[in-house]
Each structure stands twice: as structure tokens, then as C-alpha cells.
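> Here is a sequence together with a model predicted from it:
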Amino acid sequence: MIRKLREELKFKKNDPTLRDDVKSQLTELRKTHSIFTLLAQNTDYSWQGVKSAGISLFPNNWIELPQYYSNSLLSEESQIAIGEHIGELKFDQLIFNGFAPYFYTISVAAKKVNPKLKVKVVYHGFLAELSKNEFQQRAIKQMIDGRISGVIDTLGFAKKGLALTINKLHNLDCKEIIYFNPPSQEQKPFDDNLNIGALVSDTFRKNFHNMATAGFMCDNSQLHVSNAKDLGYLGDPSRIHAHGFIEHADFIKLLGQMTVNLHATFSEASGGQVCSESISQGVPCISSYTSAFFDYDDELKDRLVVQGVDDSWHIYQKIQEVLNDRDYLSKRCMEYSAHLNILAKDRMDDFLGT
């Protein structure tokens with residue numbers, strides 16, 4: 001905690017520089033775009049998935065806000081100045097990718113200068129993560145209150161059923177969002193072994209240990225994880241490859257080098273970027289039914305969604321089924337990835353058109 005506060009104080013000293021840099025980027029972006037998204041800077045894996053999802057939706061018109069974990073490195077005065085600059089530039093739409101409470105400050109300032117500006121939010125969260133999480137509770141309440149008051153014009157949700165839920169609770173016309181999948185890139189296998197990826201964080205909801213154990217049980221497998229420090233109980237450590245935090249483009253490449261990836265988590269917003277990015281590279285990804293990700297293909301839903309998500313043996317058996325027909329499922333995954341991108345465009349056109 002002390003180290004975190006020191007880092008924040010160090011960056012706060014650069015507040016005018018950070019503010020002016022964001023304003024300069026906004027000025028430059030306005031030359032070519034009237035719609036753009038503001039992203040929060042990730043700190044390692046914190047906000048990484050949200051950022052990646054936002055870039056998938058707006059690959060050419062995004063700007064990153066300096067942040068340390070969920071704390072803005074911009075003072076409230078600088079947040080207001082950035083909002084006013086957005087208003088002065090006469091953008092048509094400002095879209096927040098995710099929602100932190102300080103986004104509201106920027107929204108109010110921007111609309112005060114340009115009342116015609118449409119402010120929208122793509123929310124990547126889900127209700128399960130609200131438990132004992134005051135930050136997320138405050139963020140979602142402020143976002144909904146902003147929509148009711150008119151500071152925010154449209155809300156979009158990636159989590160299955162959440163748009164309908166908020167509509168029912170507050171009589172709002174919320175939209176459902178589907179992420180775009182990245183393009184396929186021809187990847188060479190990691191090596192000649194059976195490579196199983198369980199490349200998720202070790203937070204409880206990610207179900208990491210069940211997946212790692214299931215992958216390790218596969219005969220002659222090499223298990224790929226982000227962090228292996230808690231996996232000593234599995235056995236031979238030479239079969240476990242810990243990759244640590246790697247940049248997003250390299251992460252997608254690594255997913256594409258696996259034989260099978262695992263993403264059978266307890267709760268997700270949209271199925272998980274790991275699942276999306278894996279199938280886009282033609283690598284089957286075993287998932288769990290925590291989202292609508294495989295809802296648009298009954299065959300893949302049956303063959304890649306594991307039912308016993310909290311059962312390492314059940315996940316292991318599903319891996320065996322996938323390996324028995326891996327080449328066919330690889331082809332189907334790539335076809336499905338392309339189909340999802342068509343659906344994603346339709347949903348985004350609806351979101352932007354409101």
C-alpha cells in the first residue's frame with residue numbers, strides 16, 4: 001500500500017504534463033474522427049481485459065487516460081479541463097470504455113461546454129464482482145444515475161442479460177455489446193509437445209487451479225500459465241511454463257501457439273478475452289457457461305463449454321474430447337470467430353446509432 005501511494009504521488013507531480021498530453025492527443029484525433037473512446041490505463045492485469053476489449057471495439061479512435069490501478073493520475077481540475085477540451089472540439093460522441101467514478105467528472109465538464117455531445121458507456125463488468133467491492137458498487141451506481149439524469153445518453157453491456165436487467169430495474173434503453181475478435185495470424189506451434197494454456201490470473205473467480213490441474217493431468221502435456229508459484233502440488237515442475245505478464249500482442253501470439261486453451265471460469269463479462277482471442281487464432285478454447293459467448297453456435301456450445309466447471313476431472317475429460325477432434329474444431333473456431341465479428345458490428349452500429 002505504501003509503495004502504491006508513493007507511485008501515485010510521483011505521478012501527481014506530473015499532472016499538468018499528463019493533462020496536456022491527453023489534450024494534445026484529443027486535438028490530433030479530432031482531425032480524423034468525430035467519435036472516440038476513452039480508455040483507462042492498465043496496471044499489469046488490472047484493467048488489461050477492459051482496455052483490450054475497448055481497443056477491439058474502437059481500434060483507431062481511442063485515447064488512454066493515465067491511471068494507476070483504478071486511481072486516476074489526473075487531478076479533478078485536470079479531469080475537468082480535459083472534459084472542457086472535449087466539448088470545445090465538438091466531438092459527436094464520447095464513449096467511455098468501462099466506468100470509473102472520475103469518468104463522471106469528465107462527462108459533466110464536456111456536456112457543459114457542448115450539450116449536443118452524446119456520452120455513452122460500454123460497461124465490461126458484471127454483478128458477481130460487486131460483492132464486497134465498494135469501488136465497483138460506486139461506479140455502477142454513478143453510471144446508472146448519470147444515465148437517469150441525462151449526463152450519460154446510452155449504456156451498453158457486455159455481460160449476458162445485464163442490459164435487460166438494467167432496463168427492467170430503471171426503464172432504460174440499454175444495449176448489448178459483443179466484442180470484435182482479432183484477426184487470425186498464422187502461428188507456429190510452441191513446440192512439438194501437447195501444450196495446454198491456462199493463461200489466466202489466480203483470482204478465485206478465474207478457477208485457475210481446476211484448469212491447471214486438468215491440463216497437467218493430460219499425458220505428456222506441457223502446462224502454460226502466467227504464474228506457477230502455487231502449483232507445487234502438481235508434480236514435475238519442468239512441465240510447467242510460467243510466462244508472467246506479457247504485452248497483449250505477444251499474449252495473443254502465445255494463445256495461438258497452444259494446442260488447447262482453457263478458460264472455464266466462474267464469472268465473466270463476455271466469455272473472456274482469452275476465449276475470444278484463442279478461437280480467433282484457430283485454437284479451441286474450453287469455456288464455461290458464464291456468458292453468451294458460444295450461444296450463436298449450438299455445436300461449439302456443446303463441444304467447448306464444460307459443465308463441471310468446479311471439477312478438475314470433468315475439465316480433463318473435456319480436454320480429451322477436444323483433442324480427439326482438434327483439427328475440425330480448430331476450423332470451426334475460426335469460422336465462428338468471423339461470424340461473431342459480423343454480430344459485433346451489428347450491435348455496435350445499433351449502439352452508435354442511438
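Everything's here; your move. Numbers count the residues shown, from 1 in each chain.

> drop to CA atoms for contacts and neighbour counts, all remaining ones
OK.

> what sits against Asp230?
Asp230 makes no contacts at all, as judged by Cα atoms under 8 Å, 6 or more residues apart in numbering.

> Run through the strands of the stretch 101-250 of the chain in chain order.
Here the stretch 101-250 of the chain has its strands, by DSSP state E, counting those that start in this stretch, at 118-123, 154-157, 175-176, 194-198, 221-225, 240-242.

> Would you mind pulling up the elements that the longest one packs against?
Read that as strand 118-123. strand 93-97, strand 154-157 (3 or more Cα pairs under 8 Å, 6 or more residues apart in numbering; DSSP states H and E).

> likewise the second one?
Strand 154-157 sits against strand 118-123, strand 175-176, with contacts defined as 3+ Cα pairs under 8 Å, 6+ apart.

> The longest one - what's its average pLDDT?
Okay, so that is strand 118-123. Strand 118-123 comes out with an average pLDDT of 98.

> same thing with stretch 334-346?
If you average the pLDDT values across stretch 334-346, you get 96.

> Let's check: the centremost residue of this structure is which one?
Centroid-nearest residue in the chain, with Cα atoms, centre = their mean: Gly49, separated by 3.0 Å.

> Buried ones in stretch 224-232, by neighbour count?
224-228 (16 or more other Cα atoms under 10 Å).

> Same check on stretch 155-162?
Buried, per 16+ other Cα under 10 Å, within stretch 155-162: 155-160, 162.

> In this structure, where is pLDDT below threshold?
Scanning the chain for pLDDT under 70 picks out 1-13, 354.

> thinking Arg239 is in contact with Gln222, fair?
Yes: applying Cα atoms under 8 Å, one finds Arg239 in contact with Gln222, separated by 4.9 Å.

> If you count surrounding residues, which of those two has more?
Counted by other Cα atoms under 10 Å, Arg239 and Gln222 do not tie: Gln222 has more neighbours, with 23 against 15.

> give the contact list for that one.
The contact partners of Gln222, taken as Cα under 8 Å, 6+ apart, are 193-196, 216, 239-241.

> Give me the domain ranges for this protein.
Domain ranges of the chain: 2-177, 194-339, per automatic domain parsing.

> Nearest to Asp346, out of these?
Evaluated with Cα to Cα, those place domain 2-177 nearest to Asp346, the distance being 9.3 Å.

> coming back round to it: isn't the residue nearest to the centre of the chain up against Gly271?
No: judged on Cα under 8 Å, Gly49 makes no contact with Gly271 at a distance of 11.4 Å.

> picking up where we left off before, can I get the buried residues of stretch 224-232 in CSV with distance to Met348?
Below are the buried residues of stretch 224-232 laid out as CSV (distance: Cα to Cα, whole Å):
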residue, distance to Met348
His224, 34
Val225, 33
Ser226, 32
Asn227, 35
Ala228, 38
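
> between these, which is closest to Ile82?
Of the buried residues of stretch 224-232, the one sitting nearest to Ile82 (Cα to Cα) turns out to be Ser226, at 36.3 Å.

> Let me see the contact set for the closest one.
198-201, 242-245 are the contacts of Ser226 under Cα under 8 Å, 6+ apart.

> Also Leu74?
Neighbouring residues of Leu74 by Cα under 8 Å, 6+ apart: 12, 15, 18-19, 66-67.

> Let's see which of those end up in strands.
Gln67 (DSSP state E).

> Tabulate the contacts of Leu74 (JSON lines), appending distance to Leu304 and neighbour count.
Output for the contacts of Leu74, formatted as JSON lines (distance: Cα to Cα, whole Å; neighbours: other Cα atoms under 10 Å):
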{"residue": "Lys12", "distance to Leu304": "46", "neighbour count": "16"}
{"residue": "Asp15", "distance to Leu304": "47", "neighbour count": "18"}
{"residue": "Leu18", "distance to Leu304": "44", "neighbour count": "18"}
{"residue": "Arg19", "distance to Leu304": "46", "neighbour count": "20"}
{"residue": "Pro66", "distance to Leu304": "38", "neighbour count": "21"}
{"residue": "Gln67", "distance to Leu304": "36", "neighbour count": "18"}
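
> And the closest residue to Arg205 other than its chain neighbours, which helix or strand is it part of?
Distances taken as Cα to Cα, 6 or more residues apart in numbering put Phe266 closest to Arg205, at 5.0 Å, once the chain neighbours are dropped. Using DSSP states H and E, Phe266 sits within no helix or strand.

> pretty sure Phe266 contacts Gly308?
No: Phe266 lies out of contact with Gly308 (Cα under 8 Å); the separation is 10.7 Å.
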